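Engineer: Show me how the following folds:
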Amino acid sequence: MKEIVVISGKGGTGKTSITASLAVLGGKEVVVADCDVDAADMHILLQPENLKSEDFYSGELAVLDQNLCTQCGNCFDVCRFDAISVNNGIHQVVDLSCEGCGYCARVCPVDAIKNIPLNVGKWHIANTRFKQPMVHAKLGIGADNSGKLVAHVKNIAKEIADQYNRKYVLVDGSPGVGCPVVSSLSGAHFVILVTEPTVSGLHDLKRVYELVAKFNLRAGCIINKSDLNTSKSKEIMQFFKHKNIIHLADLPYDEAFTHAMTNCKTIVEEDDSAIKTILEQVWERVKTEVRNKN
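Structural biologist: The predicted structure follows:
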């Protein structure tokens, strides 16, 4: 089993739409993992039917029992995260500010504060409308530990791939360079970068490639809407040459892409789209690169 991760330096490049299209092309060879847990939306295109759902716990949260609290203020004095508020002399924990460090519980003289496991989201095992296994998740509002949730989603996806002898785990990673992206890249065999021909597109492509290079991973890149700014596309291609990034494809601007999305479909389901043929070639090229490298 090989792990292919699709990421982008910034949001809005078409990363998820392209990943969903590659998943459709991968068919029965693929287990899909939506690791963009902060803003998961691949389910809109692949319409998975959840077979199993579980809460995900990571970190801790302080809980204050008002029946035991003497309002001594020790917890307020030691909290460095402004997670203890005082209203009319009553001390309360501000859930969104609490880091779960446990200091307040340690200094409470009457054991009125306990740390409990924190529910930060929910993960699902599902089948897409193409009858592919899919693992996806959603991080709770204001919750931390997205990197740990990403790691859990990937581990479950790999277990399913091994169980059903699937050749590839196709991962839709988060945009940017933060903790969930680092977690998405861990253990990858090949990385697909998706960018757009804009100033911010190139800038953020450079940032995310620095991260990919630290993992010593082979990478290829797709320039989406490449014909909207040909001079910037040429500049991006120069960056490819400088960093030895495989130029996988230029996708032209095509309103069929938008039409497909508004109908909750992938572009490769549009028979008359030129992009379908290009992405078919991309998928075959990526599989070849993975085989040759490993």
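
Engineer: Tell me the spacing between the residue located most distally from the centre of the chain and Lys114.
Structural biologist: Distance from the C-alpha centroid of the chain peaks at Thr70, with 44.1 Å (Cα atoms, centre = their mean). Counting by Cβ to Cβ, to the nearest Å, the gap from Thr70 to Lys114 is 16 Å. For the C-beta atoms, the positions are set from N, CA and C on the backbone; glycine is no exception.

Engineer: go on, Pro48?
Structural biologist: 37 Å.

Engineer: So between those two, which is more surrounded?
Structural biologist: Neighbour count, other Cβ atoms under 10 Å: between Pro48 and Lys114, Pro48 has more, with 22 against 15.

Engineer: So what does the more buried one look like in phi/psi?
Structural biologist: With angles defined as degrees, to the nearest 10, Pro48 sits at phi -70, psi 150.

Engineer: Report the central residue of this protein.
Structural biologist: Nearest to the chain centroid, counting by Cα atoms, centre = their mean: Asp36, 2.3 Å.

Engineer: Surely that residue is within a helix?
Structural biologist: No. Under DSSP: H, G, I helix; E, B strand; the rest coil, Asp36 falls outside any helix and is assigned coil.

Engineer: dump the residue contacts of it.
Structural biologist: Taking Cβ atoms under 8 Å, 6 or more residues apart in numbering, we find Asp36 in contact with 16, 42, 172-175, 180.

Engineer: Going by distance to Gly147, which of those wins?
Structural biologist: Distance to Gly147 across those (Cβ to Cβ) is lowest for Pro180, with 5.3 Å.

Engineer: For Leu205, see how far away Ile245 is.
Structural biologist: Distance, Ile245 to Leu205, by Cβ to Cβ: 9 Å.

Engineer: Find residues that contact each of those two.
Structural biologist: The overlap between the contact sets of Ile245 and Leu205 (Cβ under 8 Å, 6+ apart) consists of 193, 221, 239.

Engineer: Assess the claim that the last one and Lys206 are in contact.
Structural biologist: Yes. Here Phe239 lies in contact with Lys206, judged by Cβ atoms under 8 Å, at a distance of 6.8 Å.

Engineer: one step back: with distance to Asp272 added, can I get the contacts of Asp36 in TSV?
Structural biologist: Below are those laid out as TSV (distance: Cβ to Cβ, whole Å):
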residue	distance to Asp272
Thr16	23
Met42	24
Asp172	26
Gly173	30
Ser174	33
Pro175	30
Pro180	36
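
Engineer: Please report which of these has the highest neighbour count.
Structural biologist: Among the contacts of Asp36, Gly173 has the most neighbours (other Cβ under 10 Å), with 29 neighbours.

Engineer: How many neighbouring residues does the nearest residue to it once chain neighbours are set aside have?
Structural biologist: Closest residue in space to Gly173, ignoring its immediate chain neighbours: Ser184 at 3.5 Å, by Cβ to Cβ, 6 or more residues apart in numbering. For Ser184, the count of nearby residues is 27 (other Cβ under 10 Å).

Engineer: Could you export the host helix or strand of Ser184 as CSV, CA atoms only?
Structural biologist: Per DSSP states H and E: Ser184 is located in helix 179-185. Presented in CSV, the C-alpha positions along helix 179-185 are these (Å, rounded to 0.1, in the frame of the first residue of the first chain):
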residue,chain,number,x,y,z
CYS,A,179,0.2,21.0,12.2
PRO,A,180,-2.5,19.1,10.2
VAL,A,181,-0.4,19.4,7.0
VAL,A,182,2.7,18.1,8.8
SER,A,183,0.5,15.2,10.1
SER,A,184,-0.8,14.6,6.5
LEU,A,185,2.7,14.3,5.1
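
Engineer: Go through the helix or strand of the chain with the lowest mean pLDDT and flag the buried ones.
Structural biologist: Sorting the helices and strands of the chain by mean pLDDT, DSSP states H and E puts helix 255-262 at the bottom, at a mean of 89. Burial within helix 255-262, assessed by neighbour count using 16 or more other Cβ atoms under 10 Å, is assigned to 257, 260-261.

Engineer: Export that helix to PDB, keeping only CA atoms.
Structural biologist: Output of helix 255-262 as PDB, limited to C-alpha atoms (Å, rounded to 0.1, in the frame of the first residue of the first chain):
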ATOM      1  CA  GLU A 255     -16.700  26.500 -16.500                       C
ATOM      2  CA  ALA A 256     -17.500  22.800 -16.600                       C
ATOM      3  CA  PHE A 257     -15.500  22.500 -13.400                       C
ATOM      4  CA  THR A 258     -17.900  24.800 -11.600                       C
ATOM      5  CA  HIS A 259     -20.900  23.200 -13.300                       C
ATOM      6  CA  ALA A 260     -19.800  19.800 -12.000                       C
ATOM      7  CA  MET A 261     -19.300  21.100  -8.500                       C
ATOM      8  CA  THR A 262     -22.700  22.800  -8.300                       C
END
